[in-house]
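Peer 1: Need coordinates for the below:
(chains A and B, ligands or ions: 4)
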There are 2 protein chains.
Amino acid sequence: MKIVIIGGVAGGASAAARLRRLNEHAEIIMYERGSYISYANCGLPYFIGGKITDKNKLTLQTPESFQDRFRVDVRINQEVIEINRQKRTVIARDISSGSTTEENYDKLILSPGAEPVIPTIPGLNDERIFTLRTIPDTYRIHEYIQKHNVKSAVVIGGGYIGLEMLENLKNAGIEVTLMQRSQQILRMLDFDMASEVHQYLRDIDVNLILNAAINGFSSIGESLAVEYNDGSTVKADIVLLSIGVRPDSQLAKDAGLKVNIKGAIEVDPYLRTSDEHIYAIGDAIEVNNFVTNEPSHIPLAGPANKQGRIVADNIMGANTQFKGTQGTSILKLFDMTIAATGINEKAATGLNYHYDAIHTFSPSHATYYPGATFMSIKTLFDKESGRILGAQLIGFTGVDKRCDVLATAIRANMTAYDLAELELSYAPPFSSAKDPVNMIGFAIENILTNKVYQQHWADIDNVIEKVQQGQAILLDVRTPSEFERGHVDNSLHMPLDNLRSHINELNSSKEIYVYCHSGQRSYIACRILMQHGYSCYNISGGYRLYQILSY
Amino acid sequence: MKIVIIGGVAGGASAAARLRRLNEHAEIIMYERGSYISYANCGLPYFIGGKITDKNKLTLQTPESFQDRFRVDVRINQEVIEINRQKRTVIARDISSGSTTEENYDKLILSPGAEPVIPTIPGLNDERIFTLRTIPDTYRIHEYIQKHNVKSAVVIGGGYIGLEMLENLKNAGIEVTLMQRSQQILRMLDFDMASEVHQYLRDIDVNLILNAAINGFSSIGESLAVEYNDGSTVKADIVLLSIGVRPDSQLAKDAGLKVNIKGAIEVDPYLRTSDEHIYAIGDAIEVNNFVTNEPSHIPLAGPANKQGRIVADNIMGANTQFKGTQGTSILKLFDMTIAATGINEKAATGLNYHYDAIHTFSPSHATYYPGATFMSIKTLFDKESGRILGAQLIGFTGVDKRCDVLATAIRANMTAYDLAELELSYAPPFSSAKDPVNMIGFAIENILTNKVYQQHWADIDNVIEKVQQGQAILLDVRTPSEFERGHVDNSLHMPLDNLRSHINELNSSKEIYVYCHSGQRSYIACRILMQHGYSCYNISGGYRLYQILSY
Ligand SMILES: Cc1cc2nc3c(=O)[nH]c(=O)nc-3n(C[C@H](O)[C@H](O)[C@H](O)COP(=O)(O)OP(=O)(O)OC[C@H]3O[C@@H](n4cnc5c(N)ncnc54)[C@H](O)[C@@H]3O)c2cc1C
Ligand SMILES: Cc1cc2nc3c(=O)[nH]c(=O)nc-3n(C[C@H](O)[C@H](O)[C@H](O)COP(=O)(O)OP(=O)(O)OC[C@H]3O[C@@H](n4cnc5c(N)ncnc54)[C@H](O)[C@@H]3O)c2cc1C
Ligand SMILES: CC(C)(COP(=O)(O)OP(=O)(O)OC[C@H]1O[C@@H](n2cnc3c(N)ncnc32)[C@H](O)[C@@H]1OP(=O)(O)O)[C@@H](O)C(=O)NCCC(=O)NCCS
Ligand SMILES: CC(C)(COP(=O)(O)OP(=O)(O)OC[C@H]1O[C@@H](n2cnc3c(N)ncnc32)[C@H](O)[C@@H]1OP(=O)(O)O)[C@@H](O)C(=O)NCCC(=O)NCCS
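Peer 2: Ligands and ions are numbered 1, 2, ... in the order given. Model (predicted):
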């Protein structure tokens, strides 16, 4: 058996290593057009920021070590430029000499990855404009910064890579402007959650420009000027373009393999392309979303590594399905952690799901033990079954843990009732006796069983109208000092612990919309009000979310 | 509806709060014999150690705040001394006056907790011997330490509370000796895992005395002397007894409620005792182990809180089952984290399970990103289905996360195949593209599918015999420098990357037992050897575990 692999990093190298473990006698050839294999793409920003200083740390394997351990014939600086499906051969071109060689295969694995999207705007051809994908990209940026004593940068695109670069450029002492075409960064988040990140960035003095479509680049004196839609410009020493990636699938397309309209290679559940002898994995492929079963493109290292292993298994005779990707992702942004798993509200709305979402705000660990910080979690659930569809988490410590617990729960098709029962580890330094994930379960359960009805700030306009017309009451149940520090216009103030004694002051013919800081006390208020015959709604996310949204 | 609750802390207070939310009109009376309700038992050691300094932080609710928010009639300093099931009344005695009152109920909830086990040995009646369960206990210890300038302590019993007290006493500047009757501390761990903790404690200069059964206490000069089985004594200024807890169920027993031989109150899945009007929760009850379905006693705050909520639901007409406790628990021990979930090997053996266990050793996050530390995980699985039965984890950062992911997986009855597929959040500061939990899945999958056979150090004796008789080979595949620093007697050294070229030097009629540092390289070696016709076994846990076991 002879297997040829195109691409020697996350997917390709994982497949090669597993293939060898499964089959000591197969011939395995791995082509990589760059000079490095098996490198830590995900670590590259941290080399630029100085968090990682040792170049060797960026590569997990070298062609030599891979040969020694796995007897894989690694061919670096060799680009595969053609696949001949009839002959079952590939043609590779040596990057330095330009000479080509042909190699036959029994099975071919494509793991060519993705490439940064480059917009078509004027002035792009400037040595001060960078993208980041490979080790040479990294060195290029790093060296330019050192050599030209870079003091300012514009990062265009607020996705994961853009934000990691923002952090790392700042850590390198560079002033950074972040520009984003749409109204929010980080599209795995809904607008309300992204707004928390916007607020955080502004609080730490990042110049964040939203709704900024770039018109072009030009030179103004020594500086590079970034012109954007409203005619303004931002000047900087360098620009990092990070507006997304697209599947690197030209080779596959040329070979007549099926790709979707976005260029992602189509594969069956066994990761086989439209040619039964060719498999494809990683950033280049279309995957099914685990939650929705809809085709999607989720370019992440975890899935790429796992697909590499599955493809090796299948080539060696297993029949293992890849069950889809749920988009679990995480980002460190200075001391903040942002994570998501499953689908967000935009996706759920797009698919006409019968869903609802809840906001919770929980401490990372017992608040009586020093060092607890709060995390804000938005969880989507199916309104009938209570199945958890997705979660977005923002906070400091412990966010990664709750994301992974929720990711596991989603994988197991758990419902909110299951979350309420989860038995998670508790000691004061690590969590609370009711973990934030349990709390999500409780809060959703109350909605599913009609113990409380919810109102979202997003749909508040007609409520405000009713309040202004005297048909509804907006009730703030926080303490007097909280109320004094700020509240929503037209709201009536009645602290939770006084509610029972003042309840008769509330007109029971009016609908009551209740908020507190997070949604927890207003839930208790709603329970009291409902049982006294009031029709009332808990405003999800409370005044905290209101403030963020009106920031 | 009138509900009486006995016990005002984790289970009792949770039940009361939920009852009120569910029913605004019920009469709820909560008896607590102490002067505090709703307090943070789990935080008490940290007050003694000085990590928590504000006394108010130890109580989450006061009788007043509980009245204000939940209109619960809280009766502190009132001990219920009798339950009259026929009349459906309880008799409470006022602790200070001694006077008694009778109160009737429609439903009664028992959440009396557990009490420290006190052995019957001479010399116990000494003011320098303490146990820790309540706030007054805490103040007593704290004050004694301050007043008498305590310099040394003996902690008897290496369970969670004993170890937390060890840490906190040390943090308070006190020299501590830890004494344990059996051969290991922390009985949720198997001996091999506990040995890692023993090693850690000795490395940080804790005087750990195992196999020390206490004979008695006496005074030697100013000191308290702890005499133990071999006739030796340890002298100290104070002693903390923490050899376990037993259900505080005398009241229930006296009322004729069914309790098991260990004194735990028996309940049905709805948490109802043998009297349909009486429910019981928390540390006082017998629960089913979620994994084995066997009755057990798992006194932890998470289950107590959740049972409180379920009992409230059931009293208010729900029909919610408590599905059992899986023993998820965690401990901070200085900078180490120790966690467990599900069952351990002792339990699995006791039940004649057809199980196996695997040791993995994984970094908390990508090693190329600074600050990664390794964690050691032992995972038990069913040998047929691959179902995960339990896990024990020891390490530094990120241990709590993997414990909770595994706890969730166990709750979902996941198998090793499922763990391999889990899509957990990955960015370099948080994890690796293959999370430690994925790695567990991979490694077990290889065993289940006979890609590798395992050998455990625990059963190594007959292997060593065979090796000594020249019938088997013990093969060390680590690097030369690792080998030089130490290896198992009689082992043959052949670094993994030289194995293929030297394979003919191995006698293929002999069984080969392979080890490396952790088990990962020796797995690869086994794959090579097997495919060259050798019969071989991967020694789980590698040289690392060997060293720990022979420490
Ligand atoms: C800066 C950065 C940070 C990231 N951070 C994270 C993170 O924190 N978490 C996360 O999950 N993911 C992260 N990713 C994404 C992750 O790196 C990818 O999802 C993953 O590497 C995809 O694996 P792959 O094998 O599909 O592609 P790659 O790892 O990109 O490998 C593809 C390789 O194929 C080679 N190749 C392509 N075509 C040919 C050809 N015709 N002939 C020969 N060779 C060819 C390319 O040179 C490339 O080296 C990050 C990516 C970048 C760039
Ligand atoms: C020092 C310490 C540290 C701990 N750390 C952890 C940890 O980190 N994680 C964890 O999960 N668990 C921990 N626990 C265990 C946890 O506190 C218990 O599991 C939990 O509190 C049990 O709840 P409960 O309601 O059953 O009992 P408790 O919380 O103990 O409450 C029982 C109450 O009932 C009262 N009572 C009893 N009988 C009567 C009566 N007849 N009349 C009136 N009142 C009565 C008692 O005075 C007591 O206040 C710790 C416990 C201690 C002592
Ligand atoms: C490093 C690389 C070549 C993968 O190599 P790999 O050998 O498949 O993966 P690992 O080194 O993690 O080892 C995993 C193997 O060890 C086994 N293993 C781990 N611990 C074990 C233990 N204690 N006992 C037995 N087996 C163990 C696992 O089962 C697995 O083997 P399997 O796949 O045959 O089941 C590839 O992942 C790579 O190139 N990575 C860098 C690129 C990248 O991922 N970039 C994006 C992220 S920055
Ligand atoms: C504090 C104590 C009285 C419990 O009170 P509680 O009100 O049940 O619990 P919490 O304060 O955690 O609040 C949980 C409630 O808020 C709701 N909630 C939380 N966040 C919410 C949000 N954002 N929106 C709506 N509801 C929310 C939950 O659904 C839950 O209500 P439910 O049980 O009716 O579903 C009790 O746990 C206690 O006494 N604890 C201390 C003792 C102890 O546990 N000791 C051992 C450990 S140290």
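
Peer 1: what residue is smack in the middle of chain A?
Peer 2: residue A:329 (4.3 Å; C-alpha atoms, centre = their mean).

Peer 1: so it touches residue A:163, yeah?
Peer 2: No. Shown here, residue A:329 and residue A:163 do not form a contact pair, counting by C-beta atoms under 8 Å, at 11.7 Å. Placement of C-beta: from N, CA and C, glycine included.

Peer 1: sorry, back to before: quick check: beta-bridge partners of the residue nearest to the centre of chain A?
Peer 2: Legend: beta-bridge partners of residue A:329 under DSSP bridges are residue A:340.

Peer 1: now residue A:425: how far from residue B:341?
Peer 2: In this view, residue A:425 and residue B:341 are 7 Å apart by C-beta to C-beta, to the nearest Å.

Peer 1: before we move on, what about residue A:272?
Peer 2: Remark: distance between residue A:272 and residue B:341 (C-beta to C-beta) = 38 Å.

Peer 1: And the two? Which one has more around it.
Peer 2: Higher neighbour count among residue A:272 and residue B:341: residue B:341, with 31 against 18, using other C-beta atoms under 10 Å in any protein chain shown.

Peer 1: any idea how far that one is from residue B:190?
Peer 2: Taking C-beta to C-beta, one finds residue B:341 at 14 Å from residue B:190.

Peer 1: Can you tell me which residue of chain A sits closest to ligand 2?
Peer 2: Closest residue of chain A to ligand 2, C-beta to the nearest ligand atom: residue A:427 (3.4 Å).

Peer 1: Hmm, residue B:41 and that residue touching each other?
Peer 2: No. Using C-beta under 8 Å, residue A:427 makes no contact with residue B:41, being 11.1 Å away.

Peer 1: The two: which has the busier surroundings?
Peer 2: When residue A:427 and residue B:41 are compared for neighbours, residue A:427 comes out ahead with 25 against 22, by other C-beta under 10 Å.

Peer 1: nearest spatial neighbour of that one, skipping sequence neighbours?
Peer 2: residue B:330 (4.9 Å; C-beta to C-beta, 6 or more residues apart in numbering or on different chains).

Peer 1: ok, the one you found - contacts?
Peer 2: Contact partners of residue B:330, counting by C-beta atoms under 8 Å, 6 or more residues apart in numbering or on different chains, are A:425-427, A:430, B:337-340, B:399-400, B:403.

Peer 1: what about 6 Å?
Peer 2: A:425, A:427, A:430, B:339, B:400 (C-beta atoms under 6 Å, 6 or more residues apart in numbering or on different chains).

Peer 1: Three-state assignment for the first one, please.
Peer 2: In terms of secondary structure, residue A:425 is coil; the call rests on DSSP: H, G, I helix; E, B strand; the rest coil.

Peer 1: Could you do the last one as well?
Peer 2: The three-state assignment at residue B:400 reads helix, by three-state DSSP.

Peer 1: tell me the pLDDT at it?
Peer 2: On pLDDT, residue B:400 comes in at 98.

Peer 1: Need the three-state assignment for the closest residue to it other than its chain neighbours.
Peer 2: Excluding the flanking residues, the one nearest residue B:400 by C-beta to C-beta, 6+ apart is residue A:430, at 4.5 Å. Judged by three-state DSSP, the three-state class of residue A:430 is coil.

Peer 1: Other residues contacting the helix or strand where residue A:380 lies?
Peer 2: Following DSSP states H and E, one finds residue A:380 within strand A:374-382. If you take C-beta under 6 Å, 6+ apart as the criterion, strand A:374-382 is touched by A:193, A:348, A:355, A:357-361, A:363, A:388-395, A:399, A:416, A:440, A:444.

Peer 1: So which of the residues you listed sit within strands?
Peer 2: A:355, A:357-361, A:363, A:388-395 (DSSP state E).
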